[in-house]
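> sequence first, predicted model second:
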Amino acid sequence: MLSCKESTRLLSQAQDRQLSLPERLQLEIHLALCKGCRNYKGQLNFLRAACRRYVDQTGQSGD
Amino acid sequence: MTEVADLLVDSEFVANLRHDMLRFARLQLRNDAQAEDAVQETLAAALVNAQRFAGRSAVKTWFFAILKNKIVDLLRHQGRTTNISALSAAEESQDQAFESLFKANAHWQPGARPAAWGDPEEALRQKRFWDAFDACLQHLPENTARVFMMREFMEFGTAEICRELQITTSNCNVILHRARNGLRRCLEHNWFADGEQPC
């Protein structure tokens, strides 16, 4: 079974590439059981959203 | 008509634009002189190509598109002249901080377990959040930040980043993981823990 530390690495890579089926299955099983890692995933999604917004608001009108 | 040329003689417009572009360029390049140059060149290129621009609404976006190209060129150059995969003291300390989040069995220490951050929209609407976000980006080690920003701000794929900066895919994964973890820990401490506004 995946450790939390390994899960964080896969969650990061999931932001950059399509995970393989075994990776996805392992991760899903871990996430189902681990609230900390579910939150970690939510935080990474938040970072992505914040970065997109950061570029948009710097690059668009209004200050 | 050359609307862009008209805008470039509006000193207030130019001052605001310069200010925003400099902030953006400094964050990515971590080098004030290079950031100044990139912004200067962007304004010059915009003036030369003014007639190619149509539609006032996206004028700032257009400037930023030019600026991003300039920044990418400079990052590419920086990537060739610095050893991105060498670990600095700041990066080692980020990695130690990451390791300390876990127990010996590689599961979360009780006090380090990531918390739910609630509704992202709520935070993203607040100006003070962006100050904290800026500060946390600045706090990332230089090379870590460079790779992260190429990925998240310039929206490069990891294959492109590896090629441009001449690093391996696994190295790129390690750096992005370090950046994300550093940023999320910084925000957790500086925004979500005590900076959050009561509703």
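Everything's here; your move.
> list the helices and strands the helix of greatest length in chain A packs on?
Ranked by residue count, the top helix of chain A under DSSP state H comes out as helix A:35-59. Identification of packing neighbours for helix A:35-59 by 3 or more C-beta pairs under 8 Å, 6 or more residues apart in numbering or on different chains; DSSP states H and E yields helix A:4-14, helix A:21-33, helix B:11-29, helix B:59-81, helix B:120-124, helix B:127-139, helix B:142-152, helix B:169-187. All C-beta atoms are positioned from the backbone trio N, CA, C, and that covers glycine.
> tell me what the first one is packed against?
This points to helix A:4-14. Helix A:4-14 packs on helix A:21-33, helix A:35-59, helix B:169-187, going by 3+ C-beta pairs under 8 Å, 6+ apart.
> so of the ones you listed, which one's packed in deepest?
Counting by mean count of other C-beta atoms under 10 Å in any protein chain shown, helix B:169-187 has the highest mean neighbour count of the helices and strands packed on helix A:4-14, with a mean of 21.
> what comes up buried for the host helix or strand of residue B:95?
Using DSSP states H and E, residue B:95 sits within helix B:89-99. Going by neighbour count (16 or more other C-beta atoms under 10 Å in any protein chain shown), the buried part of helix B:89-99 is B:91, B:94-95, B:98.
> again, but for stretch A:8-18
Per 16+ other C-beta under 10 Å, stretch A:8-18 contains these buried residues: A:8-13, A:15-16.
> find me the pLDDT at residue B:54, would you?
Among the per-residue scores, residue B:54 holds a pLDDT of 65.
> actually residue B:69, sorry about that
pLDDT at residue B:69 comes out at 88.
> for residue B:53, give me its contacts.
B:3-4, B:46, B:59, B:62 (C-beta atoms under 8 Å, 6 or more residues apart in numbering or on different chains).
> relative to residue B:84, how far out is it?
35 Å (C-beta to C-beta, to the nearest Å).
> top of the contacts of residue B:53 by neighbour count?
Counting neighbours by other C-beta atoms under 10 Å in any protein chain shown, residue B:46 comes out on top of the contacts of residue B:53 with 22 neighbours.
> how many neighbours does residue B:149 have?
For residue B:149, using other C-beta under 10 Å, the count is 24.
> so which of the helices and strands packed on helix A:35-59 gets nearest residue A:45?
Evaluated over the helices and strands packed on helix A:35-59, closeness to residue A:45 peaks at helix B:120-124, with 7.9 Å, by C-beta to C-beta.
> surely residue A:48 and residue B:152 touch.
Yes. With contact defined as C-beta atoms under 8 Å, residue A:48 reaches residue B:152; the gap is 6.8 Å.
> show residues contacting stretch B:120-140.
A:45-46, A:49-50, A:53-54, A:57, B:27, B:94, B:117, B:145, B:148-149, B:179, B:182-183, B:186-187, B:190-192, B:195-197, B:199.
> likewise for stretch B:61-69?
A:55, A:58-60, B:4, B:17, B:21, B:24-25, B:38-39, B:42-43, B:45-46, B:49, B:53, B:154.
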